[in-house]
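# coordinates only, sequence not included:
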């Protein structure tokens, strides 16, 4: 039997038209507001640089924090290769305070995407010296959790200085998430008392090429090191209960186009993708209850598809909240 869902969330990429970027950002904020009205527990935004998606999720969530009052707000995920950990710690704490303690920052490491093409713009003088390992996450963890950032605190003239990142936001250090696709990442997150985001992509590192089986191994490895930590699963879920015939056809075509990549691991990293879940809420619930990893988690952030229209997202979220959620125990 699956665990009853304790938290129901969703993830949106927040795409926009280059000719009208404000409208796309407004659409994202409206979707988050809708999610709160529908009773979702969390809303998560993706992060995209040099693309037509949210490049500054912290700023977007700062705006969302002023247009909502209850829903948790997360990032899935901020790639730290683009960030200075000290400055990001300041921004995260500021937004967390403004939201009343509702921020859930999800993070990842590794070189920025298309590194060779962007490194001279991003790090013109230090590209070869930058550390993109887990150590970059550790720096952020330390700053958010109140470790000293400098050796000086006190008064100098009229200025008062702190040796810790300011502001400090109580509880934020326990609401940091690591977004990982490997067994090593799951273990690292657990050992460092982070929460763990697992998505529709995993690494096929061993003999198994069964997505659910691999994801389950990550869930269990994380819990072995951090039993009290939170785990959120982010599969692409598209219920069609109230969809029009045209919407259903579009959703099914979307999933069918993406299905071939789920047949076997992709590329040198052997990335394995989960099939999208499209159908009525009853059909999706049946498939999820049979999913080995889903049966052992109690929190989800179902991912909205990349390229749909605002009205499609309204329909999908409404069906998830009103029809699918109750079938999953939420």
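Alright, I've got the coordinates. Predicted model only: the values in this text are computed from it and were never measured. Numbers count the residues shown, from 1 in each chain.

# Touching, residue 254 and residue 276? I think so.
Yes. Contact criterion CB atoms under 8 Å: residue 254 and residue 276 qualify, at 7.2 Å. Just so you know, the C-beta spots here come from the backbone N, C-alpha and C atoms, and that holds for glycine as well.

# intersection of neighbour lists for these two?
Jointly contacting residue 254 and residue 276 under the rule CB atoms under 8 Å, 6 or more residues apart in numbering are 238, 305.

# between these two, who's got more neighbours?
Legend: neighbour count by other CB atoms under 10 Å for residue 254 and residue 276, higher for residue 276 (22 against 19).

# Now do the contacts for that one.
By CB under 8 Å, 6+ apart, the contact list for residue 276 reads 200, 235, 236, 237, 238, 254, 255, 258, 259, 305.

# Residue 140: neighbouring residues, count only.
As a burial measure, residue 140 scores 23 neighbours (other CB under 10 Å).

# no wait, residue 182
16.

# how many other residues sit next to the residue nearest to it when sequence neighbours are not counted?
Once flanking residues are discounted, residue 182 sits nearest to residue 203: 4.6 Å by CB to CB, 6 or more residues apart in numbering. Here the number of neighbours of residue 203 (other CB under 10 Å) works out to 18.

# need the strands for this protein, in chain order.
7-12, 42-45, 72-79, 103-108, 154-156, 159-161, 177-179, 195-199, 201-203, 231-234, 237-239, 271-273, 277-279, 299-303 (DSSP state E).

# Selecting buried members of the contacts of residue 276 in PyMOL, what would you type?
Per 16 or more other CB atoms under 10 Å, the buried members of the contacts of residue 276 correspond to this PyMOL selection:
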select buried, resi 200+235+236+237+238+254+255+258+305
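
# buried set for stretch 64-80?
64-65, 68, 71-80.

# typo on my end, stretch 15-30
Neighbour-count burial for stretch 15-30 flags 15, 16, 24, 25, 27, 28, 29 (criterion: 16+ other CB under 10 Å).

# Which residue of the chain lies farthest from its centroid?
residue 157 (43.5 Å; CA atoms, centre = their mean).

# How far does stretch 162-179 sit from its chain's centre?
18 Å (CA atoms, centre = their mean, to the nearest Å).

# ok, which pair from the contacts of residue 276 is furthest apart?
Maximum pairwise distance among these (CB to CB): 15.2 Å, between 237 and 259.

# Quick check: the gap between residue 292 and residue 208.
When distance is defined by CB to CB, to the nearest Å, residue 292 is 11 Å away from residue 208.

# To clarify, my last question referred to residue 20.
Distance, residue 20 to residue 208, using CB to CB: 45 Å.

# From the opening residue of stretch 183-197 to its closing one, how far?
The distance separating the two terminal residues of stretch 183-197, taken as CA to CA, to the nearest Å, comes to 12 Å.

# do the same with stretch 177-185
The first and last residues of stretch 177-185 sit 11 Å apart, counting by CA to CA.

# From the chain's centroid, how far away is that stretch?
Per CA atoms, centre = their mean, the centroid offset for stretch 177-185 relative to its chain is 12 Å.

# which parts of it are buried?
Going by neighbour count (16+ other CB under 10 Å), the buried part of stretch 177-185 is 177, 178, 179, 180, 181, 182, 183, 185.

# which pair in the residues you listed spans the largest distance?
Taking CB to CB, the two most distant members of those are 177 and 183; they sit 17.2 Å apart.

# re earlier: residue 114: which of the buried residues of stretch 64-80 is nearest?
Distances from residue 114 to those, taken by CB to CB, are shortest for residue 79, at 11.7 Å.

# and the nearest residue to that closest one once chain neighbours are set aside, what is it in contact with?
Sequence neighbours aside, residue 108 is the residue nearest to residue 79 in space, at 5.3 Å (criterion: CB to CB, 6+ apart). Under the criterion of CB under 8 Å, 6+ apart, the neighbours of residue 108 are 77, 78, 79, 80, 178, 179, 180.

# again, 7 Å this time
By CB atoms under 7 Å, 6 or more residues apart in numbering, the residues touching residue 108 are 77, 79, 80, 179.

# Farthest-apart pair in those residues, please.
Maximum pairwise distance in those, criterion CB to CB, is 10.6 Å, between 80 and 179.

# Perfect, that will be all.
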